[in-house]
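**Student:** Quick one: sequence plus predicted model below, questions after.
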Amino acid sequence: MVLVTKRRKVATIGYHFVYKIEETETVPLAADIAAVASSPHEQRYHKTFQSIDLSSNFYYSHSYDITHTLQHNMALGNNLELVSGGEPAWRFVWNEYLLK
């Protein structure tokens, strides 16, 4: 699991805050870390993920969908769930291929 340990507020859109990731920490969730670490698939995925610098140009918001444009989000007012159908704009999801 990756935890954001330091963030910086970079924007406000209405009453929504947008944050930039400054620092992260990886925390293992497996009960037997040695067994997981010896798996070649796990090593490959971990190495691939560690090569991504989350502290450069990664943004998030707890309450605002930053994967869609402001115009798209304002189309139906405050009900973002209805506007997007609960789906992000996939062109802005950096790990889309990993989610499949």
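**Tutor:** Okay, I see it. Numbers count the residues shown, from 1 in each chain.

**Student:** Residue ranges in this structure under the pLDDT threshold?
**Tutor:** For the chain, the stretches flagged by pLDDT under 70 are 36, 76-100.

**Student:** Can you pull up the most central residue in it?
**Tutor:** The residue lying closest to the centre of the chain (CA atoms, centre = their mean) is residue 60, at 6.5 Å.

**Student:** Does it touch residue 22 like I think?
**Tutor:** No: the pair residue 60 / residue 22 is not scored as a contact, 11.9 Å apart, by CB atoms under 8 Å. No exception for glycine: its C-beta is placed from N, CA and C like everyone else's.

**Student:** quick one on the thing from earlier: quick check: beta-bridge partners of the residue nearest to the centre of the chain?
**Tutor:** Residue 60 has these beta-bridge partners by DSSP bridges: residue 19.

**Student:** Tell me the spacing between it and residue 27.
**Tutor:** From residue 60 across to residue 27, the span is 18 Å (CB to CB, to the nearest Å).

**Student:** would you list every one of the strands in this protein?
**Tutor:** 2-13, 16-26, 59-60 (DSSP state E).

**Student:** Out of those strands, the one nearest residue 46 is which?
**Tutor:** Nearest to residue 46, of all those, is strand 16-26, at 8.3 Å by CB to CB.

**Student:** Flag every buried residue along the closest one.
**Tutor:** Going by neighbour count (16 or more other CB atoms under 10 Å), the buried part of strand 16-26 is 17-21, 24.

**Student:** ok, these vs residue 45, which is closest?
**Tutor:** residue 24 (16.3 Å).

**Student:** how close does the closest residue to that closest one other than its chain neighbours sit to residue 5?
**Tutor:** Excluding its sequence neighbours, the residue lying closest to residue 24 (CB to CB, 6 or more residues apart in numbering) is residue 54, at 4.9 Å. With distances taken as CB to CB, residue 54 is found 11 Å from residue 5.

**Student:** With residue 24 instead?
**Tutor:** Counting by CB to CB, the gap from residue 24 to residue 5 is 6 Å.

**Student:** in the longest helix along the chain, what counts as buried?
**Tutor:** Looking across the chain with DSSP state H, the single longest helix is helix 40-50. Within helix 40-50, no residue is scored as buried using 16+ other CB under 10 Å.

**Student:** Great, nothing more from me.
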